[in-house]
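[1] heads up, no residue letters with this:
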Ligand code: H79
């Protein structure tokens, strides 16, 4: 056994595929970043970005009063958008807990909300038949034992010299003890894995850097111990890869990779792995009032379709407002995705890339998906042909029938001048969808 193959569990590749099957079939999930950073409404990293102290950040805890919080509405919006699972921030880097933890007072129960908001989230999404996941931040900028590092709000000023930085770190960290924080982290994860019934996903965030000042490492989290406990309390749960155990040579330290906020073209390199790209509408995860650069429907569909075409998932984030609602921009974007998904979900759910043996060209433009059970191919038309005539090189002889996916209307075809080409006769006018899809039956 090489050091890169250290294992924590006894699970075969087939058993892993079976355990992850609902998730690889689902392809599309909702991320929800919600916490008291919704009040400043300028990024969930605001405490870090503006180097706010606990005292300065306290007003957001004091004024948190989510009078419109109704996770049944969130669940309905997720469902109609076609999302099959949802992951909520139970605690983000700022340390504020949406759940009623025994181990802290820094929680929703002690705000004007006066209750465990995670409990209501779980019940509402379960009722809609949506799988439920918990995001939990390994970082904690509120806990008194969590050591100051380069990603902490109280990190030394950038313009200090190395020696002066060193002094800031030692003075801040004098009485901080990661062993105690590690116990807190373990206790809270145990609560999350015990008090809310079956949980489908645990999404831990994150591990980075070269040393104690520049990062946190698997040992800081007690990562091996932690993941063993999680597996024991929730057999079957999926855990992401951000405990950093792969750095320590573990082959099974996490179930899937998590490319964050990458462009569609970068997703091609994850083909063949288990992976989920996490993406925002606008750049920030937490509600950001003044950020107006939202992705359009085409960009969102590109991420979803490119994920499925490369055997991965998209988890798309919503950052609800401080009152507990999705803002109109998120609702509108989800509605539009739902309109497309209502007709086109067969090209996404249960789909992946076609096997090599078909020898079909897979250019970025094609965005080809494939359902292994029905042996149907789905061609996503990012560029609709002007006269409706679409030439598919290398397809001739492989296809028995073609139709538009949105209405099952036939698409006639014939061999092209070049005998390996197939020529499809699509309607001259593009069907009323941002990305129309052709369903091809393989011979
Ligand atoms: O929860 C969402 C984000 O808040 C969290 N992950 C998603 C799902 C996240 N955002 N950014 N990051 C994780 C990585 C941030 C890295 C950096 Fe840095 C922080 C770059 C600059 C500041 C690390 C710390 C490198 C330098 C300092």
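    Sure thing, it's come through. What you see is a predicted model; the values in this text were computed from it and never measured.

[2] Show me where the stretch 1-150 of the chain has its strands.
    Counting by DSSP state E, counting those that start in this stretch, the stretch 1-150 of the chain has strands at residues 28-32, 85-91, 131-137.

[3] Could you tell me how far the first one lies from the centre of the chain?
    The gap between the average C-alpha position of strand 28-32 and the chain average comes to 6 Å, counting by Cα atoms, centre = their mean, to the nearest Å.

[4] now that strand against strand 131-137, angle please.
    If you take axes from the mean of the first three to the mean of the last three Cα atoms, to 10 degrees, strand 28-32 sits at 40 degrees to strand 131-137.

[5] Can you tell me what sits against strand 28-32?
    If you take Cβ atoms under 8 Å, 6 or more residues apart in numbering as the criterion, strand 28-32 is touched by 74, 78, 81-89, 121, 131, 133, 135, 276, 278, 285, 304, 313-320, 341, 348-349. In this view, the C-beta of every residue, glycine as well, is placed from N, C-alpha and C.

[6] how much space between residue 282 and residue 293?
    Computed as Cβ to Cβ, to the nearest Å, the residue 282 to residue 293 distance reads 6 Å.

[7] okay, these two: which has more neighbours?
    residue 282 (17 against 7; other Cβ atoms under 10 Å).

[8] hang on, the more buried one is in a helix, isn't it?
    No - going by DSSP: H, G, I helix; E, B strand; the rest coil, the assignment for residue 282 is coil, not a helix.

[9] Hmm, it is touching residue 295, no?
    Yes - taking contacts as Cβ atoms under 8 Å, residue 282 lies within contact range of residue 295: 7.3 Å.

[10] tell me the contacts of residue 153?
    47-48, 50-53, 141.

[11] Which helix or which strand is home to it?
    For residue 153, there is no host helix or strand (DSSP states H and E).

[12] returning to that earlier point: top of the contacts of residue 153 by number of neighbours, please.
    Among those, residue 47 has the most neighbours (other Cβ under 10 Å), with 27 neighbours.

[13] confidence score at it?
    Residue 47 carries a pLDDT value of 98.

[14] Mean neighbour count added to the strands of the stretch 1-150 of the chain, as a markdown table?
    Output for the strands of the stretch 1-150 of the chain, formatted as a markdown table (neighbours: other Cβ atoms under 10 Å):
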| stretch | mean neighbour count |
| --- | --- |
| strand 28-32 | 24 |
| strand 85-91 | 27 |
| strand 131-137 | 23 |
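
[15] so which of those strands comes closest to residue 63?
    Set against residue 63 and scored by Cβ to Cβ, the strands of the stretch 1-150 of the chain come closest in strand 85-91, at 18.8 Å.

[16] and that closest one, what other elements does it pack with?
    strand 28-32, helix 71-81, helix 117-127, strand 131-137, strand 201-205 (3 or more Cβ pairs under 8 Å, 6 or more residues apart in numbering; DSSP states H and E).

[17] May I see the ones you listed organised as CSV, with distance to the ligand and mean pLDDT added?
    Listed next are the helices and strands packed on strand 85-91 as CSV, based on distance: least, Cβ to the nearest ligand atom, whole Å; pLDDT from 0 to 100:
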stretch, distance to the ligand, mean pLDDT
strand 28-32, 7, 99
helix 71-81, 17, 98
helix 117-127, 16, 98
strand 131-137, 7, 99
strand 201-205, 5, 98
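
[18] closest to residue 95 out of those?
    Comparing the helices and strands packed on strand 85-91 by Cβ to Cβ, strand 131-137 comes nearest, at 7.7 Å.

[19] Compute the inter-axis angle for the closest one and strand 85-91.
    Orientation note: strand 131-137 sits at an angle of 30 degrees relative to strand 85-91 (the same axes, to 10 degrees).

[20] Which strands border strand 131-137, and is each parallel or antiparallel?
    Counting by DSSP bridges, the strands paired with strand 131-137 are strand 85-91 (parallel), strand 201-205 (parallel).

[21] List the buried residues of the helix or strand that it is followed by.
    Where DSSP H and E defines the elements, the next helix or strand beyond strand 131-137 is helix 162-173. For helix 162-173, the neighbour count (16 or more other Cβ atoms under 10 Å) marks 165, 168-169, 172-173 as buried.

[22] ok, residues contacting the next helix or strand along the chain from helix 162-173?
    Proceeding N to C from helix 162-173, the next assigned helix or strand is helix 178-194, under DSSP H and E. If you take Cβ under 8 Å, 6+ apart as the criterion, helix 178-194 is touched by 90-91, 97, 99, 101-104, 118, 134, 136, 138, 140, 143, 145-147, 199, 202, 220-222, 225-226, 229-230, 233-234, 237.

[23] filter those residues to the buried ones?
    For those, buried by 16+ other Cβ under 10 Å: 90-91, 97, 99, 101, 103-104, 118, 134, 136, 138, 140, 143, 145-147, 199, 202, 220-222, 226, 230, 234, 237.

[24] ok, back up a step: among the contacts of residue 153, which one sits closest to the ligand?
    Taking Cβ to the nearest ligand atom as the measure, the ligand lies nearest residue 48 of the contacts of residue 153, at 7.1 Å.

[25] pretty sure that closest one is in contact with residue 141, am I right?
    Yes - contact criterion Cβ under 8 Å: residue 48 and residue 141 qualify, at 6.8 Å.

[26] Tell me the residues that contact both of those two, please.
    Joint contacts of residue 48 and residue 141 (Cβ under 8 Å, 6+ apart) are 93, 152-153.

[27] Could you give the number of residues near residue 96?
    Using other Cβ under 10 Å, the number of residues around residue 96 comes to 26.

[28] tell me the contacts of it?
    35-36, 61, 106-108, 142.

[29] Can I get the residues you listed in CSV including pLDDT, distance to residue 114 and neighbour count?
    As requested, those are arranged in CSV below (pLDDT from 0 to 100; distance: Cβ to Cβ, whole Å; neighbours: other Cβ atoms under 10 Å):
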residue, pLDDT, distance to residue 114, neighbour count
35, 98, 16, 29
36, 99, 15, 27
61, 99, 13, 21
106, 99, 15, 20
107, 99, 11, 23
108, 98, 8, 26
142, 98, 20, 18
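
[30] Widest-spaced pair of the residues you listed?
    Every pair in the contacts of residue 96 was compared (Cβ to Cβ); the two farthest apart turn out to be 108 and 142, at 13.9 Å.
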